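Participant: can you look at this prediction? I've put the sequence above it.
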Amino acid sequence: MDVLEAIRQRRSAKKLRPDLPPRELIDELLEAATWAPNHHQNEPWRFFVLAGEARERFGQALAGDAVRALHDPTGELSETIARAQRDKAMRAPVILVAAMEPPFGPKIVEVENVCAVACAIQNMLLLAHARGLATKWSTGEAARSEHLKRFFGLTPEHQILAYIYLGYPDGDVSAARRTPHHEKTTWLGWPTNGAH
Ligand SMILES: Cc1cc2nc3c(=O)[nH]c(=O)nc-3n(C[C@H](O)[C@H](O)[C@H](O)COP(=O)(O)O)c2cc1C
């Protein structure tokens, strides 16, 4: 598949089938991630792959956070909320977690690490699409949670930049629209009608 075709066609998945993609495909995605541009070649990414029962443990961690955030964590609502979080973790056969190492040394700037990991994530999303898989990039409170960072053995200085819900697509994807690029672009010094 042509790169532009993958870029244009990739859409966040609404629903994923439960069957597990082959391990080789996941390895291929992770390898593609590591070819992302990164300043000073510091490769600031860390990845976690959750499948099978690891998703259940992840779901418990999500549920724990959501219930602790309630005014009344023992109330009736808490079990409904906990169940929704546990279900969320099971909505894909694979969850790829992309985290960012904290900057170290005088040359490393945090925003550049964020950019590098975001590029790594997009590499995975595009290749997944080209290989017939579907993805959904998710963040929310779970990305900022100290509890979840600990779950993955990360420090509070690490940042979780994406939970990528991954699997084979189930059903249609949403229609997408984008603002035409000319509305977002200012051209400076570009020749018009041959004039400079
Ligand atoms: C940094 C980032 C965080 C996102 N977090 C969420 C999220 O928490 N929940 C969600 O439903 N989608 C999330 N998305 C996906 C966007 O909602 C989605 O990309 C957007 O609606 C455009 O749709 P498309 O991916 O189909 O082009 C996130 C995307 C990015 C780049």
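Facilitator: That came in fine, so what should we check first?
Participant: could you look up the SS state of the most centrally placed residue in the chain?
Facilitator: Taking CA atoms, centre = their mean, the centroid of the chain lies closest to Ala162, which sits 3.0 Å from it. Reducing the assignment at Ala162 to three states with DSSP: H, G, I helix; E, B strand; the rest coil gives strand.
Participant: find the nearest non-adjacent residue to it, please.
Facilitator: With CB to CB, 6 or more residues apart in numbering as the criterion, Ala162 has its nearest non-adjacent residue at 4.4 Å, and that residue is Ala98. Every residue, glycine included, has its C-beta placed from N, CA and C.
Participant: quick one, what contacts Ala69?
Facilitator: Residues in contact with Ala69 (CB atoms under 8 Å, 6 or more residues apart in numbering) are Glu141.
Participant: if we can go back for a sec, ok, now how distant is the residue nearest to the centre of the chain from Thr139?
Facilitator: From Ala162 over to Thr139 the distance is 7 Å, taken as CB to CB, to the nearest Å.
Participant: again with Leu70
Facilitator: Using CB to CB, one obtains 21 Å as the distance from Leu70 to Thr139.
Participant: show me where this structure has helices.
Facilitator: Secondary structure of the chain (DSSP state H): helices at 3-9, 23-33, 53-68, 76-89, 110-130, 141-144, 146-151.
Participant: returning to that earlier point: so the residue nearest to the centre of the chain sits against Met100, correct?
Facilitator: No: Ala162 is beyond contact range of Met100, at 9.8 Å (criterion: CB atoms under 8 Å).
Participant: which helices and strands sit right next to the lowest-mean-pLDDT helix or strand in the chain?
Facilitator: Comparing every helix and strand of the chain by mean pLDDT, DSSP states H and E singles out helix 76-89 as the least confident one, with a mean of 92. Contact here means 3 or more CB pairs under 8 Å, 6 or more residues apart in numbering; DSSP states H and E; on that basis helix 76-89 packs against helix 53-68.
Participant: pLDDT below threshold where in this structure?
Facilitator: Per-residue confidence for the chain (pLDDT under 70) gives these ranges: 193-196.
Participant: who in it is up against the ligand?
Facilitator: Arg11, Ser12, Trp137, Ser138, Thr139, Gly140, Ala176 (CB under 6 Å from any ligand atom).
Participant: my read: the second one touches Ser174, true?
Facilitator: Meaning Ser12. Yes: judged on CB under 8 Å, Ser12 makes contact with Ser174 at a distance of 7.2 Å.
Participant: neighbour count winner among these two?
Facilitator: More neighbours sit around Ser12 than around the other of Ser12 and Ser174, counting by other CB atoms under 10 Å; the figures are 14 against 9.
Participant: look up how far Trp137 lies from that one.
Facilitator: Using CB to CB, which is the criterion applied here, Ser12 is 7 Å from Trp137.
Participant: cool, Ala13 as well?
Facilitator: Shown here: Ala13 relative to Trp137, a distance of 10 Å by CB to CB.
Participant: of these two, who's got more company?
Facilitator: Residue environment comparison for Ala13 versus Trp137 gives the larger neighbour count to Ala13, 26 against 18, counting by other CB under 10 Å.
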